[in-house]
Every structure is written in C-alpha cells, then in structure tokens.
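Asks: need a structure here:
(chains A and B)
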Amino acid sequence: MPQYQAVKGARDIFPEESAQWKYVEGVIHTVASLYGFSEIRTPVFEYTELFQRGIGSTTDIVGKEMFSFLPDPNGRSITLRPEMTAGVMRAALQKNILSAAPVHKLYYIGELFRKERPQAGRQRQFSQFGAELLGVSTPAAVAEVITLMMQVFESLGLRNLRLRINSLGDSDDRFRYREALKTYFAPFHDRLDDSSKERLEKNPLRILDSKNPAIQEIVAGAPRLYDYLSVASVEDFEKVLYYLQERGITYEIDHRLVRGLDYYCHTAFEVTSSELGAQDAIGGGGRYDGLARELGSSSEVPASGFAAGMERVLLTMEKQGLFAALTPQGPVVYVVLQQAELADHGMQVAWRLRKAGIRTEIDLAARSMKAQMRDANRMRASWALFIGSAEVTTGLYAFKNLVTSEQTTLSLEAVLETLHETASGELQK
RNA sequence: GUGAUUGUAGCUCAGUUGGUUAGAGCGCCAGGUUGUGGCCCUGGAGGUCGGGGGUUCGAGUCCCCUCAUUCACCCCA
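Replies: Numbering: from 1, shown residues only, chains lettered A, B, ... in the order given. The predicted model follows:
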C-alpha cells in the first residue's frame, strides 16, 4: 500500500478518462450555446449561511453532508459547495444582473462536495453540469430547461433514460396538502420509522419518497398532492407537459416525486438511468421562485434549473459503449535515436518538427531502439524518423512509414513537405 | 452514521487440512537482431502477503483490533 492515497471519496482522472470528460464537456458547451445559455463560474466555497438559507436546514445536505470549516478563529464559517444553485443565485443577486436585463440563462460545469459514504456513482467530490434560467419561470421557461437537459443527454447518445415529472404546486397548495398529510398520517404514527416521524414534523412531503416498504404501504393510501393543486397550478403544469409532448420528450408523471431541496415549487423532475446501481438519478431539477427571497432579495426572482451528475453520465456512457470512437491522438512522428549520445541532435529535430505543427514524440529515457520502436507502435505513430551518426553528418534522415514499412532517406525539409502533403501527416490505419 | 464485502508483484488473480528461499498471466526493462516496431524465444527487475497484536515449534493461511476498498441503507446528481 502506498503511504498516501487520495482522500476518501475523491479520485484521480487519468488521461484516458480525461479525454472522455473533455468530449462530454464539449457537447455541453455546444448544446448550451444552441439554447442561448452562457457559462458562469462561481467559487467552490461560500459562507455556510448561504446553503443553510438556500437549500434549507431540514435537508440532509445541510444537516449532515457539508464540509464546513472556519478560515480563522474569528472568521465566518465557510462551506465547500454541496450544490450549485444557491451560489449562482447569490452571484446574480450580488451583481444585480437582473436589473440590467430581466432574464438570464446561465449554465455551469463544476465540482461539488458532500460528506457521504462513497458508493457506486457517488463520490465526496463530484461534478455536475446544469443550467439556471433566472427572471422568468413560465411553463415555456421551465420546458426550455428540461429540453436543454434532455438534448444534452440525447447528443451524448444516452439511451434508456426515464424522465419523471411532478408538480409541487405553490406554497398555498402545499400548505393545504401538508395539513391533509398530517391528518392522514396521524393514526399511523406508531407504525412510522424514526426518520419518517421526523419528516412529518419538518417536511411532511418528503415522506412520500421513502424507500421503506412499510412506509410506502401507508403512503399508498395517502392523499395526492395533485388533488390539492389550484386551478392555476394545474394549468401551469399541463402547459409544461404540452411543450414536452410537442418536442417528443417522453415522460412519466410521478405523484410521489418530491426532491430533497426545500426551494422547489411547481414543476419538479428527475431523470434516471437503468445502467446505474442504487444511485440511478442522472439529473434533476425544478422551479424555485422562492429562493431569491430566501436569500434576502427584496423582490421575487422566478427561476428554474436542472443539475446533472457528470460521473453518472460518464458511467452510463461507458456502460453503453459510447466512448468506443474516442481514440487517443498519438504522435505523427516518432524520432528514434540510435544511441543516447545523439540525443542533442534528436531533440533539435523534434523541436523543429513541433514548431512546424507536427505532433512529435521522442524518448527521453535513453532506452533501446527496440523499446523506442515498440513505443512508437503502441502510440500508433504514423512515421519514424531515425537519428544515427550518418544522419547527423549528412543531414539526410531515414524516414519510415510505419504502416507500409516503406523507408526513404530525406532531408528535414523534404520530410516536412511529405508530412504536409498527407493530411497533417497522419496515415490511414 | 449503519450493515455487508474484499485487501498477496504496476494490473488480474492462484496459494491445497497452518509446514522449507511466496507463484502465474499480462505489463515493464534487456538480450536473441553490434541502425529498425507489431509475432516468437530467453533472461531480469519488482512483494515488510494492508497495518498492529495474539495462538503455535512454525501464520499469506487461525483469533482479536485497526486502516483501507467495494456494494447497499439513509439521501442525492
């Protein structure tokens, strides 16, 4: 065992995998710009109160999963961000961007931190991409957010995803429903588990998505939130669904879908992947008109957004073989040294090739020619350029096509000419 | 935080009822080919058997503790 290991729940991404990340990030940037969303980058830490106010102190995230610390003895507590939305909203309010333009469409890719036990598809440091649409939360706006998310998934080639959607109504709807739930659950109180009892106190809606079979049995007979929605709330929800239908986005209405963050209202949604284990949520989001007020804004900022787990997206793509076409870019030319003493000349040649825009590799470890050639082969180099004493004195180099094994003797200028003739020097494999 | 699981070479894993200097395949390095790869052959480097304690004449194998891993619960992306 090495003396040092990565911190529990944190992992390294080596080149083979980072190529996959770059690819996925590229798709996100492209699709986001299609929808007119611009990238925002906010700090990885914020004052702890931001999350307590924004996410809600009854949530598990705030209650037990935050990495918080005091920067100095008299300082204010700081927390590594466990989610993005609160920070984005804080940034928008701080700069007062909505007074300059009433609607802002922002997206992000960033690292988050949550102190949970790691398991499949869950790390303590993980990444999400997502979008926040600030200033309007009409059905068209909410549908826009969902559509953007689904189009990113589609552009990545993801299959077998399930989109579930629900309406949480406005605060009046939820107040009436909450009372109804309390009276429904009262006679069952003795049969509830501890966490359900606590939820009933603090946030009764969360009982609905309990995984405990005994609780679910009781939940089955509970009143439906849908039946407590006002006419306006129902119309709003139906309109969102209308847009989704128009765009051929298939969804399932799930009356039990609640979501764990306090700031959601009206439309809430979640996408799951059948390729993942227990942690199968790949993305989710909803409308959160109340968040800005919660953060001290003098006026309401209607808003909606989604967040998707990068690791879970990557995991699903891997399982579905979507990275097969991603081949690493090898060198075009491998400069092979006959003897280590010729390294100075070889370095000079390699440098000139690179200055001319040719991806060039050269052994820096003074290994044997056999090892250099094996290396060139493994890296799928197109050409080998040999440096021996003859080459150094004549300035003419043995230049070998590694696919056909044909070899000629050329000056460096002629080599460059040959490489520029074939498309950037790369040979068909 | 709870439960279970696994920890032997860089990687994947063998290791028989506890019994001498702990093995294989792949990978790595070198040689076979004194200036040329992909195949093949030969050799080499690399291990405090996660760590600590205990039982025993003797522990990679048994017991205890500890650390780490993985999966699941809780919850979430």
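Asks: Every contact and neighbour count from this point should use C-alpha atoms.
Replies: Noted.
Asks: which ones are touching A:Arg117?
Replies: A:Gly9, A:Gln123, A:Arg124 (C-alpha atoms under 8 Å, 6 or more residues apart in numbering).
Asks: For the residue nearest to the spatial centre of chain A, give its distance to RNA strand B.
Replies: Closest to where the C-alpha atoms of chain A average out (C-alpha atoms, centre = their mean) is A:Met310, at 2.9 Å. As defined by C-alpha to the nearest atom of the strand, to the nearest Å, A:Met310 lies at a distance of 7 Å from RNA strand B.
Asks: I figured that residue hits A:Gln128, correct?
Replies: Yes - taking C-alpha atoms under 8 Å as the definition, A:Met310 is a contact partner of A:Gln128 at 5.1 Å.
Asks: From the contacts of A:Arg117, pick the one nearest A:Ile61.
Replies: A:Arg124 (12.0 Å; C-alpha to C-alpha).
Asks: Excluding chain neighbours, what is closest to the closest one?
Replies: Leaving aside its chain neighbours, A:Arg124 sits nearest to A:Gly9 (4.5 Å; criterion: C-alpha to C-alpha, 6 or more residues apart in numbering).
Asks: what's around the one you found, how many residues?
Replies: 17 (other C-alpha atoms under 10 Å).
Asks: Wait, it touches A:Arg114, no?
Replies: No - counting by C-alpha under 8 Å, A:Gly9 stays clear of A:Arg114, with 9.3 Å between them.
Asks: for the residue nearest to A:Arg124, helix, strand, or coil?
Replies: coil (DSSP: H, G, I helix; E, B strand; the rest coil).
Asks: Which strands and helices lie in contact with the longest helix along chain A?
Replies: What stands out as the longest helix in chain A, according to DSSP state H, is helix A:15-34. Here helix A:15-34 touches helix A:139-156, going by 3 or more C-alpha pairs under 8 Å, 6 or more residues apart in numbering; DSSP states H and E.
Asks: and the helix it packs on, what other elements does it pack with?
Replies: By 3+ C-alpha pairs under 8 Å, 6+ apart, helix A:139-156 packs against helix A:15-34, strand A:125-134, helix A:231-246, strand A:303-309.
Asks: The very next helix or strand once past it pairs with which strands?
Replies: Remark: after helix A:139-156, the chain's next helix or strand is strand A:161-167, criterion DSSP states H and E. Sheet pairing of strand A:161-167 (DSSP bridges) gives strand A:252-253 (parallel), strand A:265-273 (antiparallel).
Asks: Just the angle for whichever helix or strand comes after strand A:161-167 relative to helix A:231-246, thanks.
Replies: Sequence-wise, the next helix or strand downstream of strand A:161-167 (DSSP H and E) is helix A:171-185. Angle of helix A:171-185 versus helix A:231-246, following axes from the mean of the first three to the mean of the last three C-alpha atoms, to 10 degrees, is 100 degrees.
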